[in-house]
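In: let me see the structure of the following:
(one chain, ligands or ions: 2)
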Amino acid sequence: MSVTIRRVKKEDEEAWTNLWEQYNVFYKRTIPIEVTKKTFERLCDENVRMYGAVAVDNSSQQQIVGFVTWYPHANTSSIEEVVYLNDLFVDPTIRNKGAGRALIEHVADHAKTIPAHHVYWLTQHFNHRAQLLYTKVANKSDYVHYMKSL
Ligand code: ACO
Ligand code: ACO
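Out: Ligands and ions are numbered 1, 2, ... in the order given. Predicted coordinates for the structure are as follows:
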């Protein structure tokens, strides 16, 4: 199967939400429906610098089989902004066929047009599957991630 990566659009809401819910199951988390709706609205809003793209299978079904989200932000160690890749998911039935790599490349291509200094992302230290891809397309940083709940 080959895929085409394109920006998410309003008509994708049902298909995107379906994949998003699978991603939430993967993360063993529950995201309230109003948050999901707000996130999708932001991804489609030209005035919000939070972006989404989907992988569409090139067969006749044209199904959405993956998604990525990202946003730029200011950085203290470069004049250029940096881009945070927030979410990445590929339908389990089409994994290992290049969709994940293509989604990351799409983000990198957009980041170059900003132009941003670099793209970065986080993953769970035990997500070895994702890291098999990440070590091929990026460098692992030395940093440890902390989160302080408010
Ligand atoms: N040994 C070595 N390499 C392997 C092995 C293996 N056993 N298995 C897979 N790989 C490599 C493949 O060769 C491929 O590399 P290549 O592009 O050089 O051929 C790579 O792993 C997989 O790349 P893709 O096919 O492009 O990735 P895929 O479409 O399978 O998507 C993803 C990867 C997104 C991580 C998918 O597995 C997924 O959705 N997982 C569940 C959710 C998840 O973990 N999301 C990421 C969370 S982190 C974040 O969101 C920033
Ligand atoms: N065993 C146990 N605890 C220890 C020990 C020890 N041997 N030594 C120090 N600590 C604890 C102290 O008890 C204290 O904890 P407490 O508040 O419970 O008493 C804690 O370590 C130190 O806390 P502070 O005094 O509030 O921190 P400090 O003013 O020393 O600043 C900092 C810490 C910013 C990390 C400083 O050491 C520093 O500037 N380091 C170099 C730069 C650096 O590492 N910056 C952070 C990079 S990551 C980032 O920027 C997001």
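In: near ligand 1, which residues of this protein? Just list them.
Out: Neighbours of ligand 1 within the chain, by Cβ under 6 Å from any ligand atom: 26, 85, 87-90, 95-101, 121, 123, 127, 129-130, 132-133, 136. Placement of C-beta: from N, CA and C, glycine included.
In: was I right to think Val82 contacts His117?
Out: Yes - with contact defined as Cβ atoms under 8 Å, Val82 reaches His117; the gap is 5.2 Å.
In: where do the contact lists of these two overlap?
Out: Shared contacts of Val82 and His117, defined by Cβ atoms under 8 Å, 6 or more residues apart in numbering, are found at Asn75.
In: in helices only, show me the residues of the chain next to ligand 1.
Out: Among the residues of the chain next to ligand 1, DSSP state H puts Phe26, Ala99, Gly100, Arg101, Arg129, Ala130, Leu132, Leu133, Lys136 in helices.
In: give me the nearest residue to Lys140, chain neighbours excluded.
Out: Nearest non-adjacent residue to Lys140, counting by Cβ to Cβ, 6 or more residues apart in numbering: Tyr134, 7.3 Å away.
In: ok, now how distant is that neighbour from Asn18?
Out: 25 Å (Cβ to Cβ, to the nearest Å).
In: more crowded one of those two?
Out: Tyr134 (18 against 11; other Cβ atoms under 10 Å).
In: isn't that one right up against Gln124?
Out: No - applying Cβ under 8 Å as the test, Tyr134 and Gln124 come out as separate, 11.6 Å apart.
In: pick out the residue of the chain closest to ligand 1.
Out: Gly100 (2.4 Å; Cβ to the nearest ligand atom).
In: what's near enough to touch that residue?
Out: Gly66, Leu88, Val90, Ala130, Leu133.
In: what about the third one, neighbour count?
Out: The local packing of Val90 (other Cβ under 10 Å) involves 26 other residues.
In: which pLDDT value belongs to Pro92?
Out: pLDDT, Pro92: 97.
In: make sure Pro72 is actually in contact with Leu85.
Out: No - assessed by Cβ under 8 Å, Pro72 is found out of contact with Leu85, at 10.8 Å.
In: OK, contacts around the residue sitting nearest the centre point of the chain?
Out: Of all residues in the chain, the one closest to the mean position by Cα atoms, centre = their mean is Val68, 2.3 Å from it. Counting by Cβ under 8 Å, 6+ apart, Val68 makes contact with Gly52, Ala53, Leu85, Asp87, Leu88, Phe89, Leu103, Ile104, His106, Val107.
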